[in-house]
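> One predicted model, sequence on top.
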Amino acid sequence: MYSTSSSRGIPAYFKRLTRAGQQIKPATRRVVFALVAALVAASLNAAFGDTLAAQSFSQPGLQRIGDYLRHEVAIGKIPGAILLIQQHGKPAYYERFGLRDVAAKVPITDDTIFRFYSMSKPITSVAALMLVDDGKMSLDDPLSKYIPAFADVKVGVEKPDATGKPMFTLEPFKRPITILDLMRQTSGITYGFYGDGPVQKLYRKADLYSGDFDNAEFAARLAKLPLAEQPGTTWTYSHSVDVLGRVIEVVSGQSLFQFEKERLLDPLGMSHTAFFVADETKRPLVAQFLPDDLIDPPIAGIRDPMVHRRWESGGAGMVGTIGDYARFLQMLVNGGTLDGRRYLKPETMALMTSDQIGPGSGIAPADIYFLAVHAGFGLGVAVLTSPQPKRPWPPGVYGWDGVAGTFFFVDPNDDLFALCMMQSPSQRGRIETELAPLIFDAMVR
């Protein structure tokens, strides 16, 4: 555990995390929407108790956080974890717990490599928004501008026949899928691993993940399947960000990893983040699941991170260390900058972290909804719109997680982020829910 009062013992990963300034630029139409959303969030803050920004953390509160995770390891619920709470650009708390590999009895270390799964989505979304900031594409652009196969995609619907029995039919979409739809999960594309609707069943039958395919081939496979919803009408968790990864390739003329490495990962110092572990000497660093807590069968087509594959899944395929992801999050906390370099414009950051699916958006939740009732969704991240039970942060807090057990949240009001890395699929939701109030209660206001 490390305190902000001293840098002694803080891993080198975190010593480089510094604050950077930002410049406000003229607002666009969407920026006005984002700023209005921010004002609404501010008024909600006042309505729910005038939450003051945390000045520091109490040592007893931090001790309770550590005791909680140590207990989870001791009773065999999780193999190990690393937790970082960072405020004002410096670690307020950093501690490692348990083992990286229970079978080999290897302790978890700073350079342990974790499967990010859906925590890949914010990285890919930021990469795409950088191209928007460059003027190379627009959020309003139809997806078919970059992947023509999506111009003719149909929407799968069930309607009663003459006898009242549900009948599956295909209808044209009422408007094209846009880049914005991909980022906010309103494209109508879905996943095949959850739900029992007719389109989900088609996804499961389509053998989407067979062979050694690349992003272009995967997008082409998806374009042959119907949409589960009309574009822009429903928040449906999906392969949308995988398709967004292919759009990045088309616009940039590079592979997704080449673009992200050149424009985002290398400049941020995220040298351990990739789509698989290419260096065989680093493969023992990959955190392992408990034998009775595996992701089996594989979710969203993601298999062994130690096996080379051509598919670079922008939605779920990345692996990396806690130090790497901390650099990414500090950039977000700083409003799109780190170490004097700007990655996203202030107005783009405001748009990304504002609810895009709330009242007035015309977007409804799907039958199976992965967001809390108190949360909306921005561009690649969930956004709190009102306080929720057991997660007592004010509106404006945003974050996301990954099915293997990783999760983060960013609290702009308190200038902090919390990042937990573990590989415990069955325990993630519970631990995320129970850990959140412990972190909040440890803040001294």
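Received it, and whenever you're ready, just let me know what you need. Just so we're clear, the structure is a prediction, and the values are computed from it rather than from any experiment.

> going forward, measure contacts between C-alpha atoms and count neighbours the same way
Noted.

> so where is this structure shaky, pLDDT-wise?
Using pLDDT under 70 as the threshold, the predicted model of the chain has low-confidence ranges 1-54, 368-369, 372, 388-392.

> in it, which spans are helices?
Assigned by DSSP state H, the helices in the chain fall at 12-15, 29-47, 59-74, 120-133, 179-184, 198-205, 215-223, 240-252, 256-260, 266-268, 322-333, 346-352, 428-441.

> just so I know, which of these lies nearest Glu229?
Of all those, it is helix 198-205 that lies closest to Glu229, at 9.3 Å by C-alpha to C-alpha.

> Check which helices and strands that closest one is in contact with.
When contacts are defined as 3 or more C-alpha pairs under 8 Å, 6 or more residues apart in numbering; DSSP states H and E, helix 198-205 packs onto strand 154-160.

> helices or strands next to the strand it packs on in the packing?
Partner elements for strand 154-160 (3+ C-alpha pairs under 8 Å, 6+ apart): strand 166-172, helix 198-205.

> and the longest one, how far from the chain's centre?
When you say that, I think you mean helix 198-205. Distance of helix 198-205 from the chain centroid (C-alpha atoms, centre = their mean, to the nearest Å) equals 25 Å.

> and what of stretch 91-101?
Using C-alpha atoms, centre = their mean, we find the averaged C-alpha position of stretch 91-101 to lie 21 Å away from the chain's own average C-alpha position.

> Give me the neighbour count for Arg175.
Counted by other C-alpha atoms under 10 Å, the residues lying close to Arg175 total 10.

> Need phi/psi at it.
Here the main-chain torsion angles of Arg175 (degrees, to the nearest 10) amount to phi -150, psi 160.

> gap between it and Lys90?
Counting by C-alpha to C-alpha, to the nearest Å, the gap between Arg175 and Lys90 amounts to 46 Å.

> Same check on Phe275?
Distance from Phe275 to Lys90, counting by C-alpha to C-alpha: 28 Å.

> Wait, Ala220 touches Ala149, no?
Yes - in this structure, Ala220 sits in contact with Ala149. The criterion is C-alpha atoms under 8 Å, and the distance is 6.7 Å.

> In JSON lines: the helices and strands packed on strand 154-160, plus mean neighbour count and distance to Glu72.
Below are those laid out as JSON lines (neighbours: other C-alpha atoms under 10 Å; distance: least, C-alpha to C-alpha, whole Å):
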{"stretch": "strand 166-172", "mean neighbour count": "13", "distance to Glu72": "47"}
{"stretch": "helix 198-205", "mean neighbour count": "17", "distance to Glu72": "35"}
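
> Who are the contact partners of Ala220?
Contacts for Ala220 (C-alpha atoms under 8 Å, 6 or more residues apart in numbering) come out as Ala149.

> for Asp181, that is, sorry about that
Contacts here follow C-alpha under 8 Å, 6+ apart; on that basis Asp181 touches 187, 231-232.

> Please identify which of those residues is nearest to Gln258.
Comparing those against Gln258 with C-alpha to C-alpha places Ser187 closest, at 25.6 Å.

> mind checking how far the closest one is from Ala74?
Distance check for Ser187 against Ala74: by C-alpha to C-alpha, it reads 43 Å.

> Residues touching stretch 395-405, excluding its own?
Residues from elsewhere that reach stretch 395-405, judged by C-alpha under 8 Å, 6+ apart: 38, 41-42, 44-45, 115-119, 122, 295, 316, 353-354, 381-387, 407-413, 421-429.

> just stretch 136-148 next, same as before
131-132, 150-151, 176-180, 247, 250-251.

> Out of these, which end up buried?
With burial judged by 16 or more other C-alpha atoms under 10 Å, the buried subset of those is 131-132, 150-151, 176-180, 247, 250.

> Reformat those as JSON lines; add distance to Gly360.
Shown next, in JSON lines, are those (distance: C-alpha to C-alpha, whole Å):
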{"residue": "Leu131", "distance to Gly360": "27"}
{"residue": "Val132", "distance to Gly360": "24"}
{"residue": "Phe150", "distance to Gly360": "27"}
{"residue": "Ala151", "distance to Gly360": "27"}
{"residue": "Pro176", "distance to Gly360": "20"}
{"residue": "Ile177", "distance to Gly360": "19"}
{"residue": "Thr178", "distance to Gly360": "18"}
{"residue": "Ile179", "distance to Gly360": "20"}
{"residue": "Leu180", "distance to Gly360": "16"}
{"residue": "Val247", "distance to Gly360": "28"}
{"residue": "Val250", "distance to Gly360": "33"}
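
> Just send the contacts of stretch 136-148 back as TSV, with distance to Phe289 too.
Conversion of these to TSV gives the following (distance: C-alpha to C-alpha, whole Å):
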residue	distance to Phe289
Leu131	36
Val132	38
Phe150	38
Ala151	41
Pro176	41
Ile177	37
Thr178	37
Ile179	35
Leu180	35
Val247	33
Val250	36
Val251	37
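
> Looking at those residues, spot the one nearest Asp324.
Each of the contacts of stretch 136-148 was scored against Asp324 by C-alpha to C-alpha, and Leu131 proved nearest at 21.8 Å.

> Need the winner for burial among the helices of the chain.
Relative to the other members of these, helix 179-184 carries the highest mean neighbour count by mean count of other C-alpha atoms under 10 Å, namely a mean of 26.

> In space, what's closest to Phe408 - neighbours in sequence excluded?
Among residues not flanking Phe408 along the chain, Leu419 sits closest, at 4.4 Å (C-alpha to C-alpha, 6 or more residues apart in numbering).

> Check Pro365 too.
Trp235 (5.1 Å).

> wait, isn't the one you found in contact with Ile189?
No - applying C-alpha under 8 Å, one finds Trp235 not in contact with Ile189, separated by 10.0 Å.

> Strands of the stretch 251-400 of the chain, start to end?
In the stretch 251-400 of the chain, strands defined by DSSP state E, counting those that start in this stretch lie at 319-320, 337-338, 341-342, 364-365, 375-377, 382-384, 398-401, listed in chain order.

> Can I get these in a markdown table including mean neighbour count and distance to His239?
What follows is the strands of the stretch 251-400 of the chain, written out as a markdown table (neighbours: other C-alpha under 10 Å; distance: least, C-alpha to C-alpha, whole Å):
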| stretch | mean neighbour count | distance to His239 |
| --- | --- | --- |
| strand 319-320 | 23 | 18 |
| strand 337-338 | 24 | 28 |
| strand 341-342 | 16 | 29 |
| strand 364-365 | 17 | 17 |
| strand 375-377 | 24 | 16 |
| strand 382-384 | 27 | 16 |
| strand 398-401 | 24 | 16 |
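
> Including distance to Thr163, could the ones you listed go into JSON lines?
Rendered in JSON lines, the data for those read as follows (distance: least, C-alpha to C-alpha, whole Å):
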{"stretch": "strand 319-320", "distance to Thr163": "51"}
{"stretch": "strand 337-338", "distance to Thr163": "60"}
{"stretch": "strand 341-342", "distance to Thr163": "61"}
{"stretch": "strand 364-365", "distance to Thr163": "29"}
{"stretch": "strand 375-377", "distance to Thr163": "39"}
{"stretch": "strand 382-384", "distance to Thr163": "42"}
{"stretch": "strand 398-401", "distance to Thr163": "45"}
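
> All good on my end, thank you.
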